[in-house]
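Q: Below is the structure, and that's it, no one-letter string:
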């Protein structure tokens, strides 16, 4: 290599490390040329094909990944990203690496579809995967042609020999090896199913962004990135499903529970395909955000010009995310079915909501917990039962709750000293006010509106006794939400014990609200109900 120059450390600043030696463009070209030979041989092989006739194989993509990874590391080690002469060359290498990675994952999905035992969903997944592979092949073809041109512009000589189809052939006879290994770990099927299915349902509740393509029209896809859909969010979700797959392989694979429960391997296949689809979505989003988004006037040869942004988003949304969403929903239903099958039925008794009983917020939160698990749970109160999965049915329980509160109120009024001392005839409105304030001082009533909107007696109250007027007016204030009666209402839930555990936790945390109906945080275990 030629001569290098160094930048001297400034006088009087001994704490700074010395600047690295500088390498000229020509010197770097001579350094990298021999390291490019195999990558150029691969690029020449791809560039020599027509898009329709290019067939990707895992040996081919694996070699592209190997060569581009080494090249990218070398280019980054010398700061090519920030060098005008080598920036586009480095970006082209990185693009080749990324789409080779996408292609490898897609081929893995294609070959694994029979083994995954995927349940039926809308759409032809195999055909869609084939289309995504063809798209990726076309992108790699364009990248390869640019790579060859850029190498020529930098006077990097081409390889001595050309690659042939036989170098990357992948002959795979159909079939699989016989499963001869015996389960090596003991595990209770019911506990294993409950544990794994619950873990999947919790993860499914955190995966709402996968359903984004079903909510927006294609022309609005660009508005979703990087807002509701971003590389960062997709990558986090990808890691979470990878963790779920690892959880299965560590605690469920090769156990008696797996052998005895046919649905478990099916669930594992769905976790895996969702994970791999998220891999492709993350890579597509990375390229779109890094090289396409916001690049209105790209320089010729910029990687973003190699792929149409609309086409890239279309594949990411309608293939990677749509099919991940569909398999997620199908697996979620499977988990709920398994939980119902292995449910341990129990009964708990807890306090009802303090603020206005089962109004919208507590009813909705109870129903969300029950629907999350998909199990049948009933709520019992005062001889009646309600469907705990239906907010509207739970809401009906307020009729009984309010009746209990009013009965309790009647029992309390007789013992109030303010009633014994007051002259009803002199000021009935003042009598009502004294009753409510006295109850509030004893922490038996919550007051939500001041001043109290008490209605003076009119001709309709003429036949009422003073006590009856006071009682009716207090009931009216309670019915209209001006006040509420603080008496503990006990309700029972009957159903799957795992669901009951979460319902007990919800009740212990005030059904997500304080005594005045203000929203309060729920524990992390119930975070799924806030999404």
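A: Ah, there it is. On a predicted model such as this, the values are computed, not experimentally measured, just so you know.
Q: Output the below-cut-off pLDDT ranges for this protein.
A: 1-15, 183-185, 294-304, 414-426, 531 (pLDDT under 70).
Q: what about the strands in it?
A: Taking DSSP state E as the test, the strands found in the chain are 345-351, 378-381, 384-387, 445-447, 483-485, 490-496.
Q: Format those as a markdown table; extra columns: mean neighbour count and distance to residue 26.
A: C-beta here means a position set from N, CA and C on the backbone, and glycine is covered the same way. Formatted as a markdown table, the strands of the chain follow (neighbours: other CB atoms under 10 Å; distance: least, CB to CB, whole Å):
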| stretch | mean neighbour count | distance to residue 26 |
| --- | --- | --- |
| strand 345-351 | 14 | 78 |
| strand 378-381 | 20 | 79 |
| strand 384-387 | 16 | 78 |
| strand 445-447 | 19 | 82 |
| strand 483-485 | 21 | 83 |
| strand 490-496 | 20 | 72 |
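Q: now those strands in a markdown table, with distance to residue 314?
A: Formatted as a markdown table, these follow (distance: least, CB to CB, whole Å):
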| stretch | distance to residue 314 |
| --- | --- |
| strand 345-351 | 48 |
| strand 378-381 | 46 |
| strand 384-387 | 42 |
| strand 445-447 | 55 |
| strand 483-485 | 54 |
| strand 490-496 | 42 |
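Q: Out of those, flag the one nearest residue 457.
A: In terms of CB to CB, the element of the strands of the chain nearest to residue 457 is strand 483-485, at 18.9 Å.
Q: which strands and helices sit next to that closest one?
A: Helices and strands touching strand 483-485, as assessed by 3 or more CB pairs under 8 Å, 6 or more residues apart in numbering; DSSP states H and E, comprise helix 398-413, strand 445-447, helix 466-479.
Q: if you set the cut-off to 10 Å instead, what comes out?
A: Strand 483-485 sits against helix 398-413, helix 428-441, strand 445-447, helix 466-479, with contacts defined as 3 or more CB pairs under 10 Å, 6 or more residues apart in numbering; DSSP states H and E.
Q: would JSON lines of these with distance to residue 278 be doable?
A: Formatted as JSON lines, the helices and strands packed on strand 483-485 follow (distance: least, CB to CB, whole Å):
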{"stretch": "helix 398-413", "distance to residue 278": "43"}
{"stretch": "helix 428-441", "distance to residue 278": "55"}
{"stretch": "strand 445-447", "distance to residue 278": "48"}
{"stretch": "helix 466-479", "distance to residue 278": "51"}
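Q: Residue 112 and residue 269 touch, don't they?
A: Yes - counting by CB atoms under 10 Å, residue 112 touches residue 269, with 8.1 Å between them.
Q: what about these two, which has more around it?
A: Neighbours of residue 112 and residue 269, each counted by other CB atoms under 10 Å, are more numerous for residue 269; the result is 20 against 14.
Q: Common neighbours of residue 112 and residue 269, please.
A: Shared contacts of residue 112 and residue 269, defined by CB atoms under 10 Å, 6 or more residues apart in numbering, are found at residue 118.
Q: returning to what we had before: which stretch among the helices and strands packed on strand 483-485 comes nearest residue 257?
A: Residue 257 lies closest to helix 398-413 among these, at 43.1 Å (CB to CB).
Q: Could you list every helix and strand in contact with the closest one?
A: So helix 398-413, by 3+ CB pairs under 10 Å, 6+ apart, packs with strand 378-381, strand 384-387, helix 428-441, helix 466-479, strand 483-485, strand 490-496.
Q: Please identify the pairing partners of the last one and their relative orientation?
A: In the sheet containing strand 490-496, its partner strands are strand 345-351 (antiparallel), strand 378-381 (antiparallel), by DSSP bridges.
Q: tilt between that strand and helix 398-413?
A: Strand 490-496 runs at 150 degrees relative to helix 398-413, counting by axes from the mean of the first three to the mean of the last three CA atoms, to 10 degrees.
Q: How far does strand 490-496 sit from its chain's centre?
A: Offset of strand 490-496 from its chain centre (CA atoms, centre = their mean, to the nearest Å): 30 Å.
Q: Kind regards, and thank you for your time.
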